[in-house]
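A.B. asks: Take this sequence and fold it.
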Amino acid sequence: MTKQAPKDKIQASKQSQLDTLYAPHQDFKNSPLFVPGACTKIVFGEGNPDAAILFIGEAPGRDEDEQGRPFVGRSGKLLNRALFLVGLEREEVYITNIVKCRPPGNRTPLPEELQIGRDQLLLAQIEIINPRAICTLGAAALCGLTEKPYKITAVRGQPIDFNGRILLPTYHPARLFATNQLFHISGFAGGAATHFIITIIVIIITACWGLWLNPDLLIAHTFGIFGDELWLI
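C.D. replies: Next comes the predicted model:
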């Protein structure tokens with residue numbers, strides 16, 4: 001019989017706890033997490049249950065609802081690419097949303113939906129996974145988790161204490177599509193795309209070494225790291 005490594009045992013134990021947490025919600029239409037109108041299943045999250053980094057988005061979209069996995073559409077591919085650029089696979093982190101069901105028309109989640117997602121599941125997920133650092137993707141995830149009316153343009157990349165953990169907010173990947181800063185970053189110092197990738201770097205440094213670096217200060221060095229031009233996809 002193969003002896004399980006301590007790390008594997010921890011991951012298995014945490015996954016079991018997450019499965020137990022999710023079990024009462026499998027009958028999704030009778031779950032308080034259910035958002036009527038477009039949702040066909042609850043998207044709980046995926047990744048390493050013992051991850052040092054937890055990414056939290058706002059809600060599943062059409063692709064996520066169809067596949068039952070978070071961040072698998074355009075925004076997910078962009079997040080995967082950003083992780084790849086800094087040497088991570090998505091299987092090494094944990095990815096979820098504060099709202100677990102797709103809202104009708106992919107609208108922004110309502111305040112009550114954010115609160116239900118937070119109180120019914122997300123806070124418990126955080127306690128089980130116990131990440132060293134949390135990265136919220138977009139304003140809805142940040143404000144819903146912290147229950148504070150932050151402006152993402154003002155606080156992105158700035159560390160926030162959340163129950164003793166470092167929370168680092170950044171833009172939702174979808175913002176890069178909306179602002180046409182998707183394919184090519186060159187001369188966008190301080191722009192959404194540059195800040196997105198730099199924040200991913202900072203969250204990894206924070207989680208791995210307990211250090212915090214100001215993303216705004218790192219932006220000036222971005223092109224020294226990746227060359228004259230930085231391509232996300």
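
A.B. asks: Which helix or strand lies directly C-terminal to the host helix or strand of residue 95?
C.D. replies: Assigned by DSSP states H and E, residue 95 falls within strand 94-97. Remark: after strand 94-97, the chain's next helix or strand is helix 111-117, criterion DSSP H and E.

A.B. asks: any weak-confidence spans in this structure?
C.D. replies: Scanning the chain for pLDDT under 70 picks out the ranges 1-5, 176-195, 197-198, 201-202, 204-233.

A.B. asks: Please state the offset of the strand holding residue 95 from the chain centre?
C.D. replies: Put simply, strand 94-97 sits 5 Å off its chain's centre (CA atoms, centre = their mean, to the nearest Å).

A.B. asks: Direction included, what does it pair up with?
C.D. replies: Sheet pairing of strand 94-97 (DSSP bridges) gives strand 46-47 (antiparallel), strand 53-57 (parallel).

A.B. asks: Can you list the neighbours in contact with it?
C.D. replies: Around strand 94-97, the neighbours that count as contacts under CB atoms under 8 Å, 6 or more residues apart in numbering are 43-49, 51, 53-60, 64, 70-71, 79, 117, 122, 125, 129, 131, 141. Backbone N, C-alpha and C define where each C-beta goes, glycine included.

A.B. asks: Which one of the strands paired with strand 94-97 lies nearest to residue 168?
C.D. replies: Residue 168 lies closest to strand 53-57 among those, at 9.5 Å (CB to CB).

A.B. asks: can I get the CA coordinates of the following helix or strand past that closest one in CSV?
C.D. replies: Per DSSP H and E, the first helix or strand lying C-terminal to strand 53-57 is helix 62-67. The C-alpha trace of helix 62-67 is given here as CSV (Å, rounded to 0.1, in the frame of the first residue of the first chain):
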residue,chain,number,x,y,z
ARG,A,62,-22.8,31.1,-20.0
ASP,A,63,-19.7,28.9,-20.5
GLU,A,64,-19.2,28.4,-16.8
ASP,A,65,-22.8,27.4,-16.4
GLU,A,66,-22.7,24.9,-19.2
GLN,A,67,-19.5,23.3,-18.0
